[in-house]
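Engineer: Have a look at this fold, sequence not included:
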């Protein structure tokens, strides 16, 4: 490497911590202002952002075309390029999504609880913003607007770090968002995008930027999420895998089971809410297993099964131990016959990822046990696992799905991007 380039790279590496620290400080200052913004001011700002995205459409699409050309030249897959591409229709959808977030009820200032103490103290629990949310994402440029809008609606500031593939597109969208904020009289720094592709910037965000980042949300593949969960020194809202199960219990209606199973698996095979394992109660296997397996195979889904499953259809291949722990994100499913509800729950606890699991049954007591005992962020009864989505929950949108047990769990929408504080109202009380 030439000496000049080496010196330049060293200078950039030395400057990066200072650059990121400045982003963090500006975000913290902006977050303080956003926390005080009225619901009306935030909604006006989000409408202004949508207008700027539309007005800057040509510039955004030009930058996106550069990202797409680079991805094609780099030999990236057709699936990644499809996630990356923007066109006028998709851009219009991004602006519309921002407006929809603006139309949601304001999550800030909600009274979550009120307590009157015998000594006359009035104590209320009130929703407040989290502060500064760091969002690290990969190839989908729409995440820039979706995540940023959700953070703003909840009164937060956002630091966005796009993947290398979508960097130019994300910078252009973030610029439009900052312009929209400023036009509405709110701090432009409430939306900031990391201006470098240097992976060291991610490490600095995960370290918290000297206390300026309150929570990290990763949106991307397993590699990204594993790194975030391993290195983060601030709380993380994320899931690593979506190893989701459909359990067909002894009292399941076969027609319903077939419909829900096919939707859970085949509606979109590459989403985190897709079913990856089918469990069938041995008590109904003689009537339900063969038609369910045939329905999957006929729909173009490869089936990997245990010995019971292989015995009902010669097209089934043998499942290995690894199959029960695999998120395929493809038209592949693992199938096992289990000895009743206890065995199904044990399998899910052993092999699941605490994302989304479903039971199909007409037995309300059995359904109640499943919903109570399966420790997943989302559990469904007689409904597809692919309802694991903030929009389907009525949240308007989501910043991701969280499978941890602290604070947010399931779809992370505007309400989950708040925390709370207690306000104590007295009339001169002192503690004896």
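Structural biologist: Cool, got the structure. Since we're looking at a predicted model, the values are computed, not measured.

Engineer: What is the burial count for the nearest residue in space to residue 191 that is not next to it in sequence?
Structural biologist: Excluding the flanking residues, the one nearest residue 191 by Cβ to Cβ, 6 or more residues apart in numbering is residue 177, at 4.5 Å. Yep, even glycine has a C-beta here, placed from its N, CA and C like the rest. Counted with other Cβ atoms under 10 Å, residues neighbouring residue 177 total 30.

Engineer: ok, now the one 5 residues further on?
Structural biologist: Around residue 182 sit 16 other residues, with neighbours defined as other Cβ under 10 Å.

Engineer: That one is in contact with residue 191, isn't it?
Structural biologist: No. Using Cβ atoms under 8 Å, residue 182 is not in contact with residue 191, being 10.2 Å away.

Engineer: worst-scoring helix or strand of this protein, pLDDT-wise?
Structural biologist: Sorting the helices and strands of the chain by mean pLDDT, DSSP states H and E puts helix 3-36 at the bottom, at a mean of 81.

Engineer: Would you tell me what the next helix or strand after it is?
Structural biologist: Using DSSP states H and E, the next helix or strand after helix 3-36 towards the C-terminus is helix 39-55.

Engineer: List the contacts of that next one.
Structural biologist: Residues outside helix 39-55 that contact it (Cβ atoms under 8 Å, 6 or more residues apart in numbering) are 34, 37, 60, 91-92, 94-96, 98-99, 101-103, 106, 108-109, 145, 148-149, 152-153, 155, 173, 176-177, 179-181, 183-186.

Engineer: next one: stretch 150-157
Structural biologist: The contact list for stretch 150-157 (Cβ under 8 Å, 6+ apart) reads 27-28, 30-31, 34-35, 37, 42, 45-46, 49, 101-102, 104, 106-108, 128-133, 135, 158, 181, 186-187, 189-192, 397-399, 413-415, 417-418.

Engineer: if we go to 6 Å?
Structural biologist: Judged by Cβ atoms under 6 Å, 6 or more residues apart in numbering, the contacts made with stretch 150-157 from elsewhere in the structure are 27, 30-31, 34-35, 101, 107-108, 129-130, 132-133, 158, 190, 397, 399, 414, 417-418.

Engineer: Stretch 364-381 too?
Structural biologist: Residues outside stretch 364-381 that contact it (Cβ under 6 Å, 6+ apart): 249, 341, 345, 348, 354, 356-359, 361, 388, 403, 409-410.

Engineer: Tell me how far the helix or strand containing residue 334 lies from the chain's centre.
Structural biologist: Element membership for residue 334, per DSSP H and E: strand 332-338. Offset of strand 332-338 from its chain centre (Cα atoms, centre = their mean, to the nearest Å): 26 Å.

Engineer: what angle separates the following helix or strand past it from strand 332-338?
Structural biologist: Next in sequence after strand 332-338, counting helices and strands by DSSP H and E, comes helix 340-351. Interaxial angle of helix 340-351 relative to strand 332-338 (axes from the mean of the first three to the mean of the last three Cα atoms, to 10 degrees): 140 degrees.

Engineer: Helix 340-351: how far from the chain's middle?
Structural biologist: Centroid separation between helix 340-351 and its chain, computed with Cα atoms, centre = their mean, is 26 Å.

Engineer: Check which residues of it are buried.
Structural biologist: For helix 340-351, a neighbour-count test (16 or more other Cβ atoms under 10 Å) marks 341, 343, 344, 345, 347, 348, 351 as buried.

Engineer: Repeat that for stretch 387-395.
Structural biologist: For stretch 387-395, using 16+ other Cβ under 10 Å, the buried residues are 387, 388, 389, 390, 395.

Engineer: how does the chain divide into domains?
Structural biologist: For the chain, automatic domain parsing gives the domain ranges 11-237+412-422, 244-392.
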